[in-house]
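1. output the structure for:
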Amino acid sequence: QQQAKGKSSSNTRFISDDISISAAKNRAQQLDLLCPCQSGIRYPDCCGKYHTQSLAIASGDTQYTRFPETASGVLRARFSAFALGDVDYIIRTTSTSNEDYINPQEDKEGFTMWRYSIKKFCRKYGFVGLTILNEQYFDVISSQGLGDRLLNWMNEMITPSSKHFDSPASNAASNDYSSNRPSKRVARILFRANMLVDGVPVYFIEDAKFVREGPHWKYASGTLVSGSQ
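-> Predicted coordinates for the structure are as follows:
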């Protein structure tokens, strides 16, 4: 686990509780806490600018966008959103191909239950560390590791090619606002999340899949690789 430079580990810990989301974000901003994504940057200057427009304006960012430009950037912002209990951002960055996705226009009650389950998950765990172990970007659509539902959805959306792009594991000190990566359509990211349950350290390693919906990366699915017993 990479500790943020120049700050104590306590400043990198965001544990969801019963306070409101806006209060949690204001607290993070006022206390100058480091971002939960482990970038080593202040929350308002990192994932915070993707969570709310008000934080982006407060940090002087005139190039505000709701989504990072890379899948790993979205992964980091989602981790921070789980840490702060930002259910809206988690839902907003979930692909419609995800098996948990529920359209509120089609199933209002189901959507309400989905929101509740995310909020319950956020409150159960403390989110203390994120490490990206590997990330890969693809043009080609194959069935390997994608799952039938995602594969069928992607085949309707994308024209396959034979090229792919691999990037090394990176925990660079930013939530990747810009990138030299080619314009790919599918990403696979292997990451480790360190958390707390009732003060007890736990972890899991996930092989996550992201897809581009329009110009934005969204979380499509994930496979648990290993975790605490």
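2. contacts and neighbour counts: CA atoms only from here.
-> Noted.
3. which helix in this protein has the most residues?
-> If you go by DSSP state H, the chain has its longest helix at helix 108-124.
4. which helices and strands sit right next to that one?
-> Secondary-structure packing of helix 108-124 (3 or more CA pairs under 8 Å, 6 or more residues apart in numbering; DSSP states H and E): helix 71-84, helix 87-92.
5. who wins for proximity to Val202 among those?
-> Among the helices and strands packed on helix 108-124, the nearest to Val202 by CA to CA is helix 71-84 (14.6 Å).
6. helices and strands around the closest one, which ones?
-> Right, helix 71-84 is packed against strand 14-15, helix 21-30, helix 48-51, helix 87-92, helix 108-124, strand 126-138, strand 216-227 by 3+ CA pairs under 8 Å, 6+ apart.
7. tell me the most buried of those?
-> helix 48-51 (a mean of 24; mean count of other CA atoms under 10 Å).
8. now do that helix, average pLDDT.
-> For helix 48-51, mean pLDDT rounds to 84.
9. please apply the same query to stretch 213-229.
-> Rounded mean pLDDT across stretch 213-229 is 88.
10. any weak-confidence spans in this structure?
-> 1-32, 52-66, 140-183, 229 (pLDDT under 70).
11. now Val74: closest residue in space that isn't a chain neighbour?
-> In space, and not counting its chain neighbours, Val74 is closest to Pro68: 5.8 Å by CA to CA, 6 or more residues apart in numbering.
12. that neighbour: neighbouring residues, count only.
-> 23 (other CA atoms under 10 Å).
13. please report phi then psi for it.
-> The phi and psi torsions at Pro68 (degrees, to the nearest 10) take the values phi -60, psi 170.
14. any idea how far Thr112 is from it?
-> 27 Å (CA to CA, to the nearest Å).
15. what of Glu106?
-> As judged by CA to CA, Glu106 and Thr112 stand 12 Å apart.
16. Asn194 bridge partners, please.
-> Under DSSP bridges, the beta-bridge partners of Asn194 are Gly129, Tyr203.
17. assess the claim that it and Ile132 are in contact.
-> No: using CA atoms under 8 Å, Asn194 is not in contact with Ile132, being 11.6 Å away.
18. pull up the overlap in contacts between those two.
-> Counting by CA atoms under 8 Å, 6 or more residues apart in numbering, Asn194 and Ile132 have no contacts in common.
19. make a markdown table out of the helices and strands packed on helix 71-84 and add distance to Asp207.
-> Converted to a markdown table, the helices and strands packed on helix 71-84 look like this (distance: least, CA to CA, whole Å):
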| stretch | distance to Asp207 |
| --- | --- |
| strand 14-15 | 24 |
| helix 21-30 | 28 |
| helix 48-51 | 23 |
| helix 87-92 | 18 |
| helix 108-124 | 19 |
| strand 126-138 | 9 |
| strand 216-227 | 5 |
